[in-house]
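Student: Need a 3D model of the following:
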Amino acid sequence: IMDKQLAAHPFIAGGSFTLADICFMPYIEYAMNTPAKDHFAKQPHVTAWWSKISERPTWRKVAGR
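Tutor: Residues are numbered from 1 along each chain as shown. Next up, the predicted model:
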């Protein structure tokens, strides 16, 4: 479902970064550091979205990167 949404829109709730994206960030961060990360290889739009938003300066600070 998420990959389909992100295929049509740059962010989860549409055209702008919103609370919807922020709510998913801790879960995706965790999953990307477990064997579950392989699941995302089959979801190119989720992977592209994550690559983009996980580099935001505020997220990098929160995630300790």
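
Student: Please name the residues that touch Val46.
Tutor: Met2, Asp3, Leu6, Ile28, Phe40 (CB atoms under 8 Å, 6 or more residues apart in numbering). Using the backbone N, CA and C atoms, a C-beta is placed for each residue, glycine as well.

Student: For the third one, what is the enclosing helix or strand?
Tutor: When elements are defined using DSSP states H and E, Leu6 is found to belong to helix 2-8.

Student: Tell me which stretches of this structure form helices.
Tutor: Secondary structure of the chain (DSSP state H): helices at 2-8, 19-31, 37-40, 44-53, 57-62.

Student: Output the third one as PDB, nothing but the C-alphas.
Tutor: It refers to helix 37-40. In PDB, the C-alpha atoms belonging to helix 37-40 read as follows (Å, rounded to 0.1, in the frame of the first residue of the first chain):
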ATOM      1  CA  LYS A  37      15.400  -4.300   5.300                       C
ATOM      2  CA  ASP A  38      15.400  -6.900   2.500                       C
ATOM      3  CA  HIS A  39      11.700  -6.400   2.300                       C
ATOM      4  CA  PHE A  40      12.200  -2.900   1.100                       C
END
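
Student: gap between it and the chain center?
Tutor: With CA atoms, centre = their mean, to the nearest Å as the basis, helix 37-40 stands 12 Å off its chain's centre.

Student: and it, what's its mean pLDDT?
Tutor: For helix 37-40, mean pLDDT is 92.

Student: Mind listing what's buried along that helix?
Tutor: Phe40 (16 or more other CB atoms under 10 Å).

Student: Contacts for it, please.
Tutor: Ile28, Ala31, Met32, Val46, Thr47, Trp50.

Student: now Arg56: how far from Trp50?
Tutor: 11 Å (CB to CB, to the nearest Å).
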